[in-house]
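Asker: Kindly return the folded structure for what I paste below:
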Amino acid sequence: MADVRIEKFAGKPLLYDRSAPHHYGTGGVAFRPFVNPAFATACDACFVELVAKLGKHAKLAVAKILSGGVSRSGTGTSYHHKNRAFDFDGLLFSDNSNWVANTFRERPQLYLGIEAVLRKHFGTVLTYDYNKDHEDHFHFDNGTPVGFKQAAKSHVIFIQNVIALVYGTRIGRDGVWGPGTEAALRELRQRLGIGPLSSLPNWLAFLDAIAADAMALDN
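Answerer: Numbering: from 1, shown residues only. Prediction:
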C-alpha cells in the first residue's frame, strides 16, 4: 500500500519545528509528511492514548504535536528512509505552555511518563540518555516488536530512570543490566503487583502504571 500524507495524529496538528532555530519546542510550520500506512495507524493510536493520559494524569490538554520530521532523503538503512520513523520534539498545550524533549533534566517525570506510552506502541524508542543524537527528541519506529528487552540499552536506561526518578530508589543509571537493577526492578514490580516483564501483558501493565504515576508527579 502506498504511503499516505498525514497532517494530524489524534486530531492534533503536526508542526515541523526545525524550520528555524527559534521554532524548536515553541512552534513551527504545518507539514504533511508521507507516512507508511501501518506506521501511521500505530502513531495515531499512540498519540490518542498519550493525549488521554496527559489530560487525565497531568491535567495537560494537548493542542499541537511538534516534530523533527519523518522521512529522510536518500536510500539509507534508517526507518526514516522507509517513512516508518518519527522524531518527536515536543507538545504545545491549550494553556500556551509546552513540553520539550530536551527538558529531561528539568522535568524527568513527565518525560518518563510520555516515554512509557511510546514504549507501549513501538519496540524502538531512542531517548535523551541513549546518546547525544537523541538529547533533543524521541525517535521511535516500528522496526522491532513491542516487548521488554533486557539486552537493549534503551530499555535498561528507561527502567533505571523510572526506578530512580519516579519511585525514588537509589540505583546506578548506566544502561547496563546487573544484579542491582534486577533486584530494584523486582521490588518495584512487587510494589505495583506486576509479574515478570518477559510477559507482554505484564510489560504493558507496567508501562501503564509508570505513565500514570510519572505524569501525576508533574501535575
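Asker: other SSEs contacting the longest helix along the chain?
Answerer: Ranked by residue count under DSSP state H, the longest helix found in the chain is helix 200-218. For helix 200-218, the packing partners by 3 or more Cβ pairs under 8 Å, 6 or more residues apart in numbering; DSSP states H and E come out as helix 37-53, helix 108-121, helix 179-192. C-beta here means a position set from N, CA and C on the backbone, and glycine is covered the same way.
Asker: can I assume residue 84 is in contact with residue 36?
Answerer: Yes - taking contacts as Cβ atoms under 8 Å, residue 84 lies within contact range of residue 36: 4.7 Å.
Asker: which neighbours do those two share?
Answerer: Overlap between the contact sets of residue 84 and residue 36, as judged by Cβ atoms under 8 Å, 6 or more residues apart in numbering, is nil.
Asker: picking that back up, give me whichever of the helices and strands packed on helix 200-218 is most buried.
Answerer: Stretch with highest mean neighbour count among the helices and strands packed on helix 200-218: helix 108-121 (a mean of 24; mean count of other Cβ atoms under 10 Å).
Asker: quick one: the nearest residue to residue 10 once chain neighbours are set aside from residue 86, how far?
Answerer: Sequence neighbours aside, residue 47 is the residue nearest to residue 10 in space, at 3.8 Å (criterion: Cβ to Cβ, 6 or more residues apart in numbering). When distance is defined by Cβ to Cβ, to the nearest Å, residue 47 is 10 Å away from residue 86.
Asker: what's the angle between the longest helix of the chain and helix 108-121?
Answerer: Interaxial angle, helix 200-218 versus helix 108-121 (axes from the mean of the first three to the mean of the last three Cα atoms, to 10 degrees): 160 degrees.
Asker: Tell me the buried residues in helix 200-218?
Answerer: 202-211, 213-218 (16 or more other Cβ atoms under 10 Å).
Asker: Check pLDDT for the residues you listed and point me to the minimum.
Answerer: Scanning the buried residues of helix 200-218 for pLDDT, the smallest score is found at residue 218, 87.
Asker: pretty sure that residue is in contact with residue 53, am I right?
Answerer: No - the criterion here is Cβ under 8 Å, and residue 218 misses it with residue 53 at 11.7 Å.
Asker: quick one: contacts for the residue sitting nearest the centre point of the chain?
Answerer: Closest residue to the average C-alpha location of the chain: residue 115 at 3.3 Å, with Cα atoms, centre = their mean. Residues in contact with residue 115 (Cβ under 8 Å, 6+ apart) are 125, 127, 138, 158.
Asker: Where does pLDDT dip in the protein?
Answerer: Scanning the chain with the threshold set as pLDDT under 70 gives 74.
Asker: Number of residues surrounding residue 219?
Answerer: Other residues near residue 219 come to 11 when the count uses other Cβ atoms under 10 Å.
Asker: distance of it from residue 113?
Answerer: Taking Cβ to Cβ as the measure, residue 219 and residue 113 are separated by 10 Å.
Asker: ditto for residue 53
Answerer: Distance of residue 53 to residue 113, given as Cβ to Cβ: 7 Å.
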